[in-house]
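1. Generate a structure from the sequence data that follows.
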Amino acid sequence: MTNNIIVIKSRAFALRIIKLYQYVIREKREFTLSRQVLRSGTSIGSNVKEAIRGQSKPDFYAKLNIALKEASETEYWLDLLHEGGYLDDASFESVNADCQEIIRILVSITKTQKQEK
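-> Residues are numbered from 1 along each chain as shown. Sure, this is the predicted structure:
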């Protein structure tokens, strides 16, 4: 396993999103928004992993930008789940804080990569 912070955080976040998805479908019987958050929330880490194995710096940058877009989309679905009453305030604030941290890390990495271009 790598000690790369974005790899570690995005993987942990994906696992958390999987548990959130299972909770929302089992306990709240919501299937549409939960599927969307599952897709985007787990996609962040897969794009980060693809970036690390990128063929070039532009490929690395492009994949990280996709991961950032997926993180932003996840933020949107989390907001809808919260505002729709499927996530209580404490659960939302906790998972959203993790999402915001990933967004901050990805923004920082992509800004650095953009400056190096």
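2. do you know how far residue 82 is from residue 53?
-> Between residue 82 and residue 53 the distance is 34 Å, computed by C-beta to C-beta, to the nearest Å. C-betas here are computed from N, CA, C, even on glycine.
3. now do residue 94
-> Per C-beta to C-beta, residue 94 is found 31 Å from residue 53.
4. Neighbour count for those two, which is higher?
-> Neighbours per residue (other C-beta atoms under 10 Å) separate residue 94 from residue 53, with residue 94 holding more: 12 against 9.
5. And the helix or strand hosting that one, what's buried?
-> Per DSSP states H and E, residue 94 falls inside helix 89-116. Within helix 89-116, the residues that count as buried by 16 or more other C-beta atoms under 10 Å are 91-92, 95-96, 98-99, 102-103, 105-106, 109-110, 113.
6. Any regions of this structure where pLDDT drops low?
-> 1, 113-117 (pLDDT under 70).
7. In this structure residue 17 contacts residue 37, no?
-> Yes: assessed by C-beta atoms under 8 Å, residue 17 is found in contact with residue 37 at 6.3 Å.
8. which residues do the two both contact?
-> Both residue 17 and residue 37 are contacted by residue 74, under the criterion C-beta atoms under 8 Å, 6 or more residues apart in numbering.
9. hey, where'd the helices end up in this structure?
-> Using DSSP state H, the helices of the chain run over residues 5-23, 32-52, 57-83, 89-116.
10. Just the C-alphas of the first one, formatted as CSV.
-> Read that as helix 5-23. The C-alpha coordinates for helix 5-23 follow below in CSV (Å, rounded to 0.1, in the frame of the first residue of the first chain):
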residue,chain,number,x,y,z
ILE,A,5,-2.2,10.9,1.2
ILE,A,6,-4.7,11.4,-1.6
VAL,A,7,-4.7,7.7,-2.4
ILE,A,8,-5.2,6.8,1.3
LYS,A,9,-8.0,9.4,1.8
SER,A,10,-9.8,8.7,-1.4
ARG,A,11,-9.8,5.0,-0.7
ALA,A,12,-11.1,5.5,2.9
PHE,A,13,-13.7,7.8,1.5
ALA,A,14,-14.9,5.3,-1.1
LEU,A,15,-15.3,2.7,1.7
ARG,A,16,-17.3,5.2,3.7
ILE,A,17,-19.5,6.0,0.7
ILE,A,18,-20.2,2.3,0.2
LYS,A,19,-21.3,2.0,3.9
LEU,A,20,-23.4,5.2,3.5
TYR,A,21,-25.0,3.7,0.3
GLN,A,22,-25.9,0.5,2.1
TYR,A,23,-27.4,2.4,5.0
